[in-house]
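Colleague: This is the structure alone, sequence omitted:
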Ligand SMILES: [Zn+2]
């Protein structure tokens, strides 16, 4: 998933001779600073959804040709970034491409930027797996970004960001339009994280600690992966289109992230509760989600209740149907509300946990819809505290 860089080879040769720190050059070229990278990638745990917890199964073969995958990506990107419709059409119809899976040529996908007067060339070895389809989205997005940023070249980290944004937009489009493909595609995306946030991140951390006189293109991936997740969640299509068009000015479009303590809220994303059809397995997942929500609570580091008794308490509540776990439309847990039943069945002793304070209204609305009686009692007994931590 490289863009080939003529400068890569040149800088390696000339700088390594003089032992200049290529890593500092890379930071400068991307307008990044090492503190921003450390804060987001080293000093704090990565959001667990991104490191692939819960991903299962191997890379599946889908009944889709390379050409069909290319068309599908074009359709998804047109739906998600309508501002780029004509440029997407140009890439779809006119960009030369090869899906040949020729091991002798290294088997790696790349998009070759042939300069402002030519269209880029995409090479995407394709055997029909979910991972290959994701790679098509990645390389299509590289080509789109190159065509959209005709006048000036985008720094490499921002180019990878655009490619990852393309992957994410395909995944969200599939959920709405081809949901049968989603589980396989999302498993492939999670599996890729173990490389981008695994070996690529290790290389970046080594360079952060010691500098480097050799350029490693993999440095671009980890922070681009986090930024793509945030852009996918937060940005409008218009804002995303401007990023694709921004060329050398891409870093200024990302300034809002550089000012944050963290690109992604640290206590926000839990793994999705994918329904696999097994009752016992689903119960395990749900109780696991409840415990994870407990651990995300402020002050969870000093959690004093033994995990065995907490587990027993939650399990009992599940058996008595006295706990409501809310998930968003992507099956990601938002939070839960738990209560006890007095004699006569009256709910009392409410507890609630929320993954992210901003989602509290969603949790309460879902609670009202699914458990109207308990919700009415909660409103009656704790009207003043309903947006606070009512019982813990
Ligand atoms: Zn790439």
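Modeller: Yes, it's here. This structure is a prediction, so every number in the text was calculated from the model and none was measured. Numbering: from 1, shown residues only.
Colleague: Most proximal residue of the stretch 251-392 of the chain with respect to the ion?
Modeller: residue 254 (16.9 Å; Cβ to the ion). To be clear about C-beta, it is placed using only N, CA and C from the backbone, and glycine gets the same treatment.
Colleague: didn't that residue look like it was pressed against residue 227?
Modeller: Yes - with contact defined as Cβ atoms under 8 Å, residue 254 reaches residue 227; the gap is 6.6 Å.
Colleague: Identify the contacts common to the two.
Modeller: Residues touching both residue 254 and residue 227 by Cβ atoms under 8 Å, 6 or more residues apart in numbering: residue 161.
Colleague: one step back: any idea of the pLDDT on the residue of the stretch 251-392 of the chain closest to the ion?
Modeller: Among the per-residue scores, residue 254 holds a pLDDT of 97.
Colleague: Low-confidence stretches in the stretch 201-350 of the chain?
Modeller: Applying pLDDT under 70 to the stretch 201-350 of the chain flags the ranges 266-269, 271, 274-278, 297-304, 329-330.
Colleague: Repeat the analysis, applying 80 as the threshold.
Modeller: Along the stretch 201-350 of the chain, segments meeting pLDDT under 80 span 265-279, 281-282, 295-307, 328-332, 342-345.
Colleague: hey, where'd the helices end up in it?
Modeller: With DSSP state H, counting those that start in this stretch as the criterion, the stretch 201-350 of the chain has helices at 220-234, 237-245, 250-253, 255-258, 279-295, 307-319.
Colleague: mind listing what the residue lying closest to residue 168 once chain neighbours are set aside touches?
Modeller: Distances taken as Cβ to Cβ, 6 or more residues apart in numbering put residue 232 closest to residue 168, at 3.9 Å, once the chain neighbours are dropped. Counting by Cβ under 8 Å, 6+ apart, residue 232 makes contact with 165, 168-169, 172.
Colleague: ditto for residue 338
Modeller: Contacts here follow Cβ under 8 Å, 6+ apart; on that basis residue 338 touches 314, 317, 322-324, 350-352.
Colleague: May I ask which of those residues has the most neighbours?
Modeller: Counting neighbours by other Cβ atoms under 10 Å, the top entry in the contacts of residue 338 is residue 352, with 24 neighbours.
Colleague: Just to check, it is in contact with residue 339?
Modeller: No - contact criterion Cβ under 8 Å: residue 352 and residue 339 do not qualify, at 9.3 Å.
Colleague: and the stretch 51-200 of the chain, which residues reach the ion?
Modeller: Counting by Cβ under 5 Å from the ion, the stretch 51-200 of the chain comes close to the ion at 160, 163.
Colleague: What residue in the stretch 51-200 of the chain comes nearest to the ion?
Modeller: Proximity to the ion, evaluated over the stretch 51-200 of the chain using Cβ to the ion, is greatest for residue 163 at 4.3 Å.
Colleague: Around that residue, how many other residues sit close by?
Modeller: Residue 163: 26 surrounding residues under other Cβ under 10 Å.
Colleague: buried stuff in the helix or strand hosting it?
Modeller: Assigned by DSSP states H and E, residue 163 belongs to helix 156-177. By 16 or more other Cβ atoms under 10 Å, the buried positions in helix 156-177 come out as 156-174.
Colleague: and it, what does it pack onto?
Modeller: Applying 3 or more Cβ pairs under 8 Å, 6 or more residues apart in numbering; DSSP states H and E, we find helix 156-177 packed against helix 66-80, helix 130-148, helix 182-194, helix 220-234, helix 237-245, helix 250-253.
Colleague: rerun at 10 Å
Modeller: When contacts are defined as 3 or more Cβ pairs under 10 Å, 6 or more residues apart in numbering; DSSP states H and E, helix 156-177 packs onto strand 2-3, helix 22-29, helix 66-80, helix 130-148, helix 182-194, helix 220-234, helix 237-245, helix 250-253.
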